[in-house]
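Pasting the sequence and the predicted coordinates here, then a few questions.
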Amino acid sequence: MVGILPPSDPSPPSPTIAFFGATGGCALAALVATLEAGHHARALARTPQKLLDLLQKRGLSPQRTDSNLVIVQGNAKDPEAVTKTLRSDSGTVVDKIIFGIGGTPKLLPNPLKPILDDPLVCQTSISTILTSLSSLFSQNPIPSNDEQPQPRPLLTAISTTGMSPKRDIPLAMIPLYHWALPIPHADKKIMEELIEKAKTEGVIRDFVIVKASFLTDGKRLGLGKVRVGWEGGEAEGCGPAVGYTIGREDVGGFIFEEVIERVKEVYLGKKVTVTY
């Protein structure tokens, strides 16, 4: 006799994560881990084939990218492209946003005083994203599957050390950071302020600002090698973790494990420093 199993409760839908700046090292590492774990992702890319080639080099099969990744062609200053990235095919807004956009240094006669190809890229890009989010929710209220208002997304942004009121870089690196990086630091600082304001205004439900020390290439060492500190929010926190460098792969791994795969509550609304 064949038994009839009772209907099971439908499993919750898989979260969808939007990536901005996914061709960069940190965000790319987080995207690879996200796809390998079977999550759905949407990524904005000026050249989609470049992103596909990078993912293939990381060992992701075309079948995996075809089934779990939607690439929107465009840049983060284009509201239409940004909106397409933030809104899934089902019509709902993504659950989480990973922002890894940064400027590209321009070669100058003085390598110790670089400038960026776009010195305002972080603040203008995050402003476009936040404005698009606000429009999606205010002009076209989007219900979730159970007809309840959809929660705002959690925003994670990759920032840098060297501009906190509390010292978060070794003393030996202070002259280099202050001499060589005032332009990107000013851009990142405004980006952070816009994100904090967006939480206050209810555009996002919360944020995690990941402040990485000097970025290096190389294989992932794992979370066991990463030191973490944080500040901000209502609690004082443990203070920044002070160190010289951290690998891009480990920054991406930290974001995946502590924000995407699971959300470590203590980091919400905080500026989190990561270093070796």
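Now that the structure is in, tell me what you want to look at.

Identify the bridge partners of the most centrally placed residue in the chain.
Geometric centre of the chain, nearest residue: I98, 2.4 Å, by CA atoms, centre = their mean. Here I98 sits in beta bridges with F19, T156, as judged by DSSP bridges.

and it, how far is that from D168?
22 Å (CB to CB, to the nearest Å). Glycine gets a C-beta too; all of them are placed from N, C-alpha and C.

cool, L69 as well?
34 Å.

just R42 next, same as before
Note on R42: its distance to D168, by CB to CB, is 32 Å.

all helices for the stretch 151-276 of the chain, in order.
174-180, 182-200, 248-255 (DSSP state H, counting those that start in this stretch).

residue ranges with poor pLDDT in the stretch 151-276 of the chain?
Along the stretch 151-276 of the chain, the parts satisfying pLDDT under 70 run over 234-236.

any chance you could map the strands in it?
154-160, 206-212, 214-216, 227-231, 245-247, 270-275 (DSSP state E, counting those that start in this stretch).

I'd like to know which of those lies nearest to L31.
The minimum distance between L31 and the strands of the stretch 151-276 of the chain falls on strand 154-160, with 12.3 Å, by CB to CB.

okay but N75 is in contact with G21, surely?
No: counting by CB atoms under 8 Å, N75 does not reach G21; the two are 10.3 Å apart.

These two: who's more crowded?
G21 (24 against 15; other CB atoms under 10 Å).

isn't the more buried one right up against A29?
No: using CB under 8 Å, G21 is not in contact with A29, being 11.7 Å away.

Quickly list what's touching both of these two.
Shared contacts of G21 and A29 (CB atoms under 8 Å, 6 or more residues apart in numbering): none.

what's the spacing between R167 and V251?
20 Å.

Also G100?
For G100, the distance to V251 - CB to CB - is 9 Å.

Check K189 too.
19 Å.

So which of these two has more stuff around it?
V251 (26 against 16).

hang on, the more buried one packs against A157?
No: using CB under 8 Å, V251 makes no contact with A157, being 11.9 Å away.

list residues touching both of those two?
What both V251 and A157 touch, as defined by CB under 8 Å, 6+ apart, is the set V210.

what's the burial count for L176?
13.

whoops, Q139 was the one
7.

ok so, going back, okay, the strands of the stretch 151-276 of the chain in a markdown table with mean neighbour count next?
Converted to a markdown table, the strands of the stretch 151-276 of the chain look like this (neighbours: other CB atoms under 10 Å):
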| stretch | mean neighbour count |
| --- | --- |
| strand 154-160 | 25 |
| strand 206-212 | 24 |
| strand 214-216 | 16 |
| strand 227-231 | 19 |
| strand 245-247 | 20 |
| strand 270-275 | 26 |
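
can I get the ones you listed in a markdown table with distance to S125?
Formatted as a markdown table, the strands of the stretch 151-276 of the chain follow (distance: least, CB to CB, whole Å):
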| stretch | distance to S125 |
| --- | --- |
| strand 154-160 | 10 |
| strand 206-212 | 15 |
| strand 214-216 | 19 |
| strand 227-231 | 24 |
| strand 245-247 | 23 |
| strand 270-275 | 19 |
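
nearest to S61, of these?
Closest among those, using CB to CB: strand 245-247, at 24.9 Å.

So which residues make contact with the closest one?
212-221, 226, 274-276.

Would you format the residues you listed as TSV with distance to L181 included?
Compiled in TSV, these are given as follows (distance: CB to CB, whole Å):
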residue	distance to L181
A212	13
S213	12
F214	10
L215	12
T216	16
D217	19
G218	22
K219	26
R220	25
L221	25
V226	22
V274	18
T275	16
Y276	20
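
Closest one to S135 out of these, please.
Using CB to CB, A212 is the member of the contacts of strand 245-247 that lies nearest S135, at 30.7 Å.

Mind listing the residues bridging to the closest one?
T160, V274.

shouldn't it be in contact with I158?
Yes: because the distance of 6.5 Å satisfies CB under 8 Å, A212 is recorded as touching I158.

Name the residues contacting each of these two.
C26, V251.

Excluding chain neighbours, what is closest to A33?
Nearest non-adjacent residue to A33, counting by CB to CB, 6 or more residues apart in numbering: F256, 3.9 Å away.

just H178 next, same as before
In space, H178 is closest to G162, 7.5 Å off (CB to CB, 6+ apart).

Fine by me, thanks again.
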